[in-house]
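In: mind looking at a prediction? Sequence and model below.
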Amino acid sequence: MRESVWHCLAEAADWHRGPPDDMPQIKVNLYATLRKYIGGAPSVEVEIDPGQTIQQVLGRLGVPAEQTRIIFVNNRAADLSHALQGGEHLGIFPAIGGG
Amino acid sequence: MAVIYRVNMSDLSVRAETSSSESVQTGGRGLTSALVAAEVPAHCHPLAAENKLVIAPGILTGTGAPCAGRLSVGAKSPLTGTIKESNSGGMGSIALATLGVKAIILEGKPAGGKLYRLLVNAEGLKIEPADDLAGLGNYDTVARQFNAFGDKIVCLSIGQAGEMKSAAASIAVTDVEGRPTRHCGRGGLGAVMGAKGVKVIVVDPAGGERVKPADPETFKKGAQKFNQALKKHPLTSETLPKYGTNALANVINQAGSYPTRNFSRGQFEGTEAISGERQHDLILERGGVIAHACHRGCTIKCSRTYVDENGQYVTKGPEYETIWAHGADCGIDDLDAIARMDRMDDDLGLDTIETGATIGVAMEAGIIPFGDAQAAIGLLQEVAKGSPLGRLVASGAEALGKVYGVSRIPTVKGQSMPAYDPRATKGMGVTYATSTMGADHTAGYSVTANVLGVGGKVDPLKPEGQIELSRNLQIATAAIDASGLCLFVAFAVLDDPSALEGICEMFSGLYGRTFTADDFLALGKRTLGNERKFNAAAGFGAAADRLPDFFKTEKLAPHDATFDVPDEELDKVYDFVK
């Protein structure tokens, strides 16, 4: 329990520090076959203009929208037209299954 | 010619029955559930002579249909007390089908706790003494069979857990390399095989032949269409072969439905370290294998070979459910430790889902701390020793939780839930609650529309739409399990109508008569009807179709979700059964 509280606090602290010029920023987590578009890293921080859609952000990152299948914004399902305000955590996946 | 072997383990006699026309037309779960429902007294003790273990290849197995090598094993379950069909990949199903075997039915019980080997080949089925195999794990057991009978055989075997008749015992099936890595895991059917005194079934397919469709042209057309659909779908053609089943870890964690530390949270901070992406990189760095097929004719190839830091073989996969059960559910983020536990489970002959979940409950009970991988391995070593604690671990989460006074036990009908918290994937909760098998993800995999965006979308956090979703998937799944097709073909079937057309054309070709999508669904409904009938006679009514209460009362982070699909709605899932 203590461990997870510290984890949350650390994340929150990171978050509020923010980028130097205070442009709204989002964190984009890419998974599986999509990671190759950001050099294999699991995530990338991106500055946005408020109101930009996920599709626009993916376009800037060079991730082909048609290869995305599952999208989360702050752990909730969303679609490509979702407008971002800054501060969001995105999770973007291709078609995934298993079990 | 199709044959059913009745093996009486009380008097050690074998009767070969030419299949009736009805049983020739069905197979897999369709046949195991029909036979168990018709022949096993619903109130019998699962380890008694009256229970029967039925082993059946699928309807399409052995025909050359793609991804059709699944094996069904059915009985009354020692874990749940319900009817059970446990399903496995590996080479067993194809080997039996090519010998024309529709089913092997193990009946009775030998006197004096003796162990036997069944040898099945083109000549028939023989029972041989096998007391020399007593106490061996699956790896040693099958190695001795390969030495004795050559490398073309396939083995179905039990480890120490099956010999102890533990409720979490599995039946191992050897894979393409002859390793006992594929298991009929769920429901403790290894204990039923142990109670019958059968340590290993050796299948030698030499002299067998491919199952011949009545109308080869139609069959071929269907197989090609089906194969194309599997090749076209990005899931069955790209992400499953590349990342395996464990590509799910990050998705389910993102969805807040990744059960962590015995279902106390929906996200695990160590997910990336045990994810499919990490597993993929680690396997390739070390010279392991990805895109591996667990049986001949599989085109999806979701299996992989896990090796240690020296490149030495450890185990297959491991699979998503296994990595979750021994990982997030126990607070463990060490893939090597998890792979070692997978190997131990396979060798002992334990269901990896039940065993991991039981270790999670043992951690909740304070027997060992959450996150302590070495202590978890120690619990499995207790199983190998057959100590009282080890026997408890091999008896499943509900038994261990009761003995240690744990109130948070994530089971339905005595069977542990797999890797999706039902509060944040409510369609899965409906399946857990109402499945004829106890908590079982494969019985109706609502994660598809709830999370994966396959076969439409149903909000996982709302109760609406979940009943219909789960019902339709449970029906389709029962039909797929009867067909012998791997359940993963469903990802293509749900998105691409040509996949089901191809399946129906393969059935039409096999039978030599028109077989439609309605016939396919009727096969599923008939199977579920048999299972519900058995369960009702065994004493399972509506009150048994419920989740443990804590899912209704304890909120799950990060969504603060509870399971709120009303009970009266759950009771409508099986409206279609007369």
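Out: Thanks, I have it. Numbering: from 1, shown residues only, chains lettered A, B, ... in the order given.
In: go ahead and confirm residue B:149 touches residue B:200.
Out: No. Counting by C-beta atoms under 8 Å, residue B:149 stays clear of residue B:200, with 10.5 Å between them. Every residue, glycine included, has its C-beta placed from N, CA and C.
In: looking at those two, which is more packed in?
Out: Under the neighbour definition other C-beta atoms under 10 Å in any protein chain shown, residue B:149 and residue B:200 were set side by side, and residue B:200 has more, 26 against 17.
In: could you list which residues are in contact with the nearest residue to the more buried one once chain neighbours are set aside?
Out: The spatial neighbour of residue B:200 that comes closest, neighbours along the chain excluded (C-beta to C-beta, 6 or more residues apart in numbering or on different chains), is residue B:157 at 4.1 Å. For residue B:157, the contact set (C-beta atoms under 8 Å, 6 or more residues apart in numbering or on different chains) comprises B:138, B:141, B:142, B:145, B:171, B:172, B:180, B:199, B:200, B:201, B:349.
In: next up, the contacts around whichever residue of the stretch 401-550 of chain B sits closest to chain A.
Out: Distances from the stretch 401-550 of chain B to chain A, computed as C-beta to the nearest C-beta, single out residue B:491 as the nearest residue at 4.7 Å. Applying C-beta under 8 Å, 6+ apart, we find residue B:491 in contact with A:95, A:97, B:233, B:235, B:236, B:448, B:452, B:454.
In: need those in CSV with neighbour count, distance to residue B:305 and pLDDT, can you?
Out: Conversion of those to CSV gives the following (neighbours: other C-beta atoms under 10 Å in any protein chain shown; distance: C-beta to C-beta, whole Å; pLDDT from 0 to 100):
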residue, neighbour count, distance to residue B:305, pLDDT
A:95, 24, 24, 94
A:97, 30, 21, 91
B:233, 24, 24, 95
B:235, 25, 21, 94
B:236, 29, 20, 95
B:448, 24, 28, 97
B:452, 26, 26, 96
B:454, 24, 27, 94
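In: just give the nearest non-adjacent residue to residue B:227, would you?
Out: When the adjacent residues along the chain are set aside, residue B:227 lies closest to residue B:66, with 4.9 Å between them (C-beta to C-beta, 6+ apart).
In: pretty sure that neighbour sits against residue B:301.
Out: No. With contact taken as C-beta under 8 Å, residue B:66 and residue B:301 are classed as non-touching, separated by 11.3 Å.
In: and residue B:53, its phi and psi?
Out: Note on residue B:53: its backbone torsions stand at phi -100, psi 120 [degrees, to the nearest 10].
In: and it, how far from chain A?
Out: Residue B:53 is 25 Å from chain A, where distance means C-beta to the nearest C-beta, to the nearest Å.
In: right, and that residue touches residue B:192 too?
Out: Yes. With contact defined as C-beta under 8 Å, residue B:53 and residue B:192 form a contacting pair (4.8 Å).
In: and for residue B:255, nearest residue in space, chain neighbours not counted?
Out: The spatially closest residue to residue B:255, leaving aside those adjacent along the chain, is residue B:451, at 4.9 Å (C-beta to C-beta, 6+ apart).
In: what's the local residue count around that neighbour?
Out: Residue B:451: 28 surrounding residues under other C-beta under 10 Å.
In: helix, strand, or coil at it?
Out: The three-state assignment at residue B:451 reads helix, by DSSP: H, G, I helix; E, B strand; the rest coil.
In: out of everything not next to it in sequence, what's closest to the residue in the stretch 251-400 of chain B that chain A sits nearest to?
Out: Nearest residue of the stretch 251-400 of chain B to chain A: residue B:254, at 3.9 Å (C-beta to the nearest C-beta). Excluding the flanking residues, the one nearest residue B:254 by C-beta to C-beta, 6+ apart is residue A:91, at 3.9 Å.
In: state the distance from the residue in the stretch 1-150 of chain B that chain A sits nearest to to residue B:441.
Out: Nearest residue of the stretch 1-150 of chain B to chain A: residue B:87, at 12.4 Å (C-beta to the nearest C-beta). Going from residue B:87 to residue B:441 by C-beta to C-beta, to the nearest Å gives 12 Å.
In: got it, and residue B:220?
Out: Applying C-beta to C-beta, the value for residue B:220 to residue B:441 is 34 Å.
In: what does residue B:30 give?
Out: 20 Å.
In: more neighbours, those two?
Out: The residue with the greater number of neighbours, taking residue B:30 and residue B:441 and applying other C-beta under 10 Å, is residue B:30; the counts read 27 against 23.
In: Three-state assignment for that one, please.
Out: Using three-state DSSP, the structure places residue B:30 in helix.
In: hang on, it packs against residue B:529?
Out: No. When contacts are counted by C-beta under 8 Å, residue B:30 is not listed as touching residue B:529 (11.0 Å).
In: okay, strands next: where are they in chain A?
Out: A:25-30, A:43-47, A:70-73, A:76-77, A:89-93 (DSSP state E).
In: hey, which of these is tucked in deepest?
Out: Mean neighbour count, computed with mean count of other C-beta atoms under 10 Å in any protein chain shown, is highest for strand A:89-93 among these, reaching a mean of 23.
In: ok and that one relative to strand A:25-30, angle-wise?
Out: Per axes from the mean of the first three to the mean of the last three C-alpha atoms, to 10 degrees, the angle that strand A:89-93 makes with strand A:25-30 is 20 degrees.
In: C-terminal to the longest helix along chain B, what's the next element?
Out: Ordering each helix of chain B by length in residues (DSSP state H) puts helix B:517-537 first. In the C-terminal direction, the helix or strand that comes right after helix B:517-537 (DSSP states H and E) is helix B:550-553.
In: and the next helix or strand after that next one, what's buried?
Out: Beyond helix B:550-553 in the direction of the C-terminus, DSSP H and E gives the next helix or strand as helix B:567-570. The neighbour-count criterion (16 or more other C-beta atoms under 10 Å in any protein chain shown) identifies residue B:570 as the buried residues of helix B:567-570.
In: can you tell me the element the spatially closest residue to residue B:290 that is not a sequence neighbour falls in?
Out: Ranked by C-beta to C-beta, 6+ apart and with sequence neighbours excluded, the top spatial neighbour of residue B:290 is residue B:304, at 4.8 Å. Assessed by DSSP H and E, residue B:304 sits inside strand B:303-307.
In: quick one: contacts of that strand?
Out: Counting by C-beta under 8 Å, 6+ apart, the neighbours of strand B:303-307 from elsewhere in the structure are B:89, B:175, B:244, B:279, B:283, B:286-294, B:313-318, B:339, B:342.
In: using CSV, list the CA coordinates for that strand.
Out: The C-alpha trace of strand B:303-307 is given here as CSV (Å, rounded to 0.1, in the frame of the first residue of the first chain):
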residue,chain,number,x,y,z
SER,B,303,3.5,-20.0,-28.8
ARG,B,304,7.1,-19.2,-28.0
THR,B,305,10.1,-20.9,-26.4
TYR,B,306,11.5,-19.3,-23.3
VAL,B,307,15.2,-19.7,-22.6
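In: what pairs with that strand, parallel or antiparallel?
Out: The partner list of strand B:303-307 in its sheet, established with DSSP bridges, is strand B:289-292 (antiparallel), strand B:313-316 (antiparallel).
In: please state the offset of the last one from the chain centre?
Out: The one in question is strand B:313-316. 19 Å (C-alpha atoms, centre = their mean, to the nearest Å).
In: can you list the residues of chain A near chain B?
Out: A:3-4, A:7, A:29, A:31-33, A:35, A:42, A:67, A:69-70, A:72, A:75-77, A:91, A:93-99 (C-beta under 8 Å from any C-beta of the partner chain).
In: could you redo the last one with a cut-off of 7 Å?
Out: Within chain A, the positions near chain B by C-beta under 7 Å from any C-beta of the partner chain are A:4, A:7, A:31-33, A:35, A:42, A:69-70, A:72, A:75, A:91, A:93-99.
In: okay, the residue lying closest to residue A:88 once chain neighbours are set aside and chain B: tell me how far apart.
Out: The spatial neighbour of residue A:88 that comes closest, neighbours along the chain excluded (C-beta to C-beta, 6+ apart), is residue A:26 at 4.8 Å. When distances are taken as C-beta to the nearest C-beta, residue A:26 and chain B turn out to be 15 Å apart.
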